[in-house]
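>>> here is my input, please return the structure:
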Amino acid sequence: MGLLFETRGSDSPWVDTVWTCASERVTAMTSVAGVRWGLVFWEQAGRAYAGITGPETRTGTAPVPAGATFTGIEFAVGTSLRTVPTPALVDGGIELPDTTRRTFRLDGTRWETPGPDDAEALVERLVRAGIVVRDPLVADVLRGHRPNISGRTVERRFRAATGLTRGAVRQIERARTAAELLAVGEPAADVVAKLDYFDEPHLARALRSYVGRTVGQLRTGTGGAIALALDPVSA
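Here you go, the predicted model:
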């Protein structure tokens, strides 16, 4: 076995996805570039942990606690924590102190640890408390709107909210989408055309940089455990 991922979307404008994962006989995984920050809660050997994860700009190898179970919340692009600027989380994260199986501490307050069905309720409480905030300009820009301010101001606010440039967000999201399409059998040439890559070598370079997989590995589900919910055989 390996990493058993399940993900679901969310109706909350503050949340992108909620995921769960169990690790079975795996001690390392391929991490995948991502544009969102998140909260993650896990248990191992009867002990509970919680942390804040940041956007990741590249692929790599990450350790996996053996026999652990995880619940994670991936927040919508443009949201952030009041006390932790998202740029400070890029390619890193923070383990939260004083975590128990029932509660965790964030921004000086103790909160009830959520299960996958309670994620949106927790986020709603964090938003009401002013702990999770957002810059609405980011969502407008991602929808293709052109704000009536200078491009330099847009880029500054986008980076302040997300820790990334707009170009980086597009490239990372495109590579993740390409990986998902290839994993369910889309031909590489069709993925190139659909996602506006220059050619198949361009697609291959993006996958290597952001996903850590080749086209062949994505098709066959090989390459070991990966932190991405693809076709079930990939984990």
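
>>> need the pLDDT of R143.
R143 is assigned 86 on the pLDDT scale.

>>> phi, psi of it?
Dihedral pair for R143: phi -80, psi 0, per degrees, to the nearest 10.

>>> tell me the secondary structure for the residue nearest to D98 when sequence neighbours are not counted?
In space, and not counting its chain neighbours, D98 is closest to R105: 4.9 Å by Cβ to Cβ, 6 or more residues apart in numbering. Heads up, the C-betas are built off the backbone N, CA and C, glycines and all. With DSSP: H, G, I helix; E, B strand; the rest coil as the basis, R105 sits in strand.

>>> and the protein, what are its domains?
By the assignment in automatic domain parsing, the chain contains the domains 3-136, 166-220.

>>> tell me where this structure has strands.
In the chain, the strands defined using DSSP state E lie at 3-9, 15-23, 28-31, 38-44, 47-53, 60-63, 69-75, 79-81, 93-95, 103-106, 109-112, 132-134.

>>> and the fifth one, what's its mean pLDDT?
This points to strand 47-53. In this model, strand 47-53 has a mean pLDDT of 97.

>>> before we move on, what about the last one?
Per-residue pLDDT over strand 132-134 has a mean of 97.

>>> ok, back up a step: out of the domains of the chain, the one nearest I149 is which?
domain 3-136 (12.3 Å; Cβ to Cβ).

>>> so which of the strands of the chain gets nearest L203?
The nearest among these, by Cβ to Cβ, is strand 28-31 at 17.7 Å.

>>> dump the C-alpha coordinates for the closest one into PDB.
Coordinates of each C-alpha in strand 28-31 appear next as PDB, following Å, rounded to 0.1, in the frame of the first residue of the first chain:
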ATOM      1  CA  ALA A  28       8.600   9.000   2.200                       C
ATOM      2  CA  MET A  29       6.600  10.600  -0.600                       C
ATOM      3  CA  THR A  30       7.000  12.900  -3.500                       C
ATOM      4  CA  SER A  31       5.700  16.300  -2.500                       C
END
